[in-house]
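Asks: could you look at this predicted model? Sequence included:
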Amino acid sequence: MSRRHDALVIGGGLAGAALAQQLAAAGRDVLLLERQQGPHDKVCGEFLSGEAVSYLRRLGLDPAALGALPLESLAIAGRGGARCCRLPFPAFSLSRRRLDEALLAHAAAAGAA
């Protein structure tokens, strides 16, 4: 028996999981499709800017509660050596695996399938 949904979200990455969570929280019947089942690692800098942290908090997720580590400075290394500077904004480091797990769980808790 086929079932109809209000929304079909293809891709359970950051944007897809956030969209599914917001639609489900608004009372929509949402089906989220992801190519890979279960958590998996992704190549990513694992950097959350102040803007990204703000978006996550608006979704109801606290990066620090997920285990994110605060970042205060940035270092860039090259042939001429390394340069370091303080970041002009608050930032965090969090693995994409952990972030994706949290966003997908948040979407499921809101009612997305």
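Replies: Cool, got the structure.
Asks: give me the contact list for the top helix by length along the chain.
Replies: When the chain is parsed with DSSP state H, its longest helix is helix 96-110. For helix 96-110, the surrounding residues in contact (C-beta atoms under 8 Å, 6 or more residues apart in numbering) are 12-14, 17-18, 20-22, 24-25, 30, 32, 34, 39-42, 44, 46, 48, 59-61, 66-67. Yep, even glycine has a C-beta here, placed from its N, CA and C like the rest.
Asks: quick one: average confidence on stretch 46-60?
Replies: In this model, stretch 46-60 has an average pLDDT of 92.
Asks: which parts of it are buried?
Replies: Of all the residues in stretch 46-60, those buried under the rule 16 or more other C-beta atoms under 10 Å are 46, 48, 52-53, 56, 59.
Asks: give me the distance from that stretch to the chain's centre.
Replies: 8 Å (C-alpha atoms, centre = their mean, to the nearest Å).
Asks: contacts for it, please.
Replies: Residues outside stretch 46-60 that contact it (C-beta under 8 Å, 6+ apart) are 18, 21-22, 62-63, 68, 71, 89-96, 99, 103, 106.
Asks: cool, and stretch 88-95?
Replies: 41, 44, 46-50, 53, 63-64, 66-72.
Asks: re earlier: and the contacts of stretch 46-60, which are buried?
Replies: Judged by 16+ other C-beta under 10 Å, buried ones among the contacts of stretch 46-60: 18, 21-22, 63, 68, 71, 91-92, 94-96, 99, 103, 106.
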